[in-house]
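Chemist: Sequence isn't available, so here's the structure alone:
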């Protein structure tokens with residue numbers, strides 16, 4: 001079945017220049033493998049189409065049951081030069097949690 005990430009994860013985001021940084025953390029250890037399988041750099045790039053102009057890098061953090069994404073060229077140049085209402089990317093974590101993924105019916 002399809003669920004939004006907010007059902008199985010929470011997230012935090014920030015920035016460094018024109019790169020947004022989003023951490024995605026499984027709410028339970030058994031959700032982590034689903035995140036690894038379903039939330040790829042390519043899917044995150046597609047989810048942020050129109051916002052992320054550069055590449056998306058994904059890092060696995062199994063000791064934290066988490067993934068970390070770097071979204072390059074996604075903040076309009078960064079906080080000091082951007083005209084975006086959220087130049088630091090603080091709301092991008094909430095936007096990622098709206099992504100829908102497939103999970104087994106018995107997992108939730």
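Modeler: Nice, I can see it. As the structure is a computational prediction, the values presented were derived from the model and not from experiment.
Chemist: what helices or strands is the worst-scoring helix or strand of the chain on mean pLDDT leaning on?
Modeler: The helix or strand of the chain with the lowest confidence, counting by mean pLDDT, DSSP states H and E, is strand 9-16 at a mean of 89. The helices and strands touching strand 9-16, judged by 3 or more CB pairs under 8 Å, 6 or more residues apart in numbering; DSSP states H and E, are strand 19-26, helix 92-96. Backbone N, C-alpha and C define where each C-beta goes, glycine included.
Chemist: so which of those gets nearest residue 73?
Modeler: Between residue 73 and the helices and strands packed on strand 9-16, the shortest gap by CB to CB is with strand 19-26, which sits at 7.5 Å.
Chemist: need the next SSE after the closest one, C-terminal direction.
Modeler: Next along the chain after strand 19-26, taking DSSP states H and E as the criterion, comes helix 32-38.
Chemist: want to throw the helices and strands packed on strand 9-16 into CSV with mean pLDDT, distance to residue 66 and mean neighbour count?
Modeler: Below are the helices and strands packed on strand 9-16 laid out as CSV (pLDDT from 0 to 100; distance: least, CB to CB, whole Å; neighbours: other CB atoms under 10 Å):
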stretch, mean pLDDT, distance to residue 66, mean neighbour count
strand 19-26, 95, 4, 22
helix 92-96, 92, 12, 20
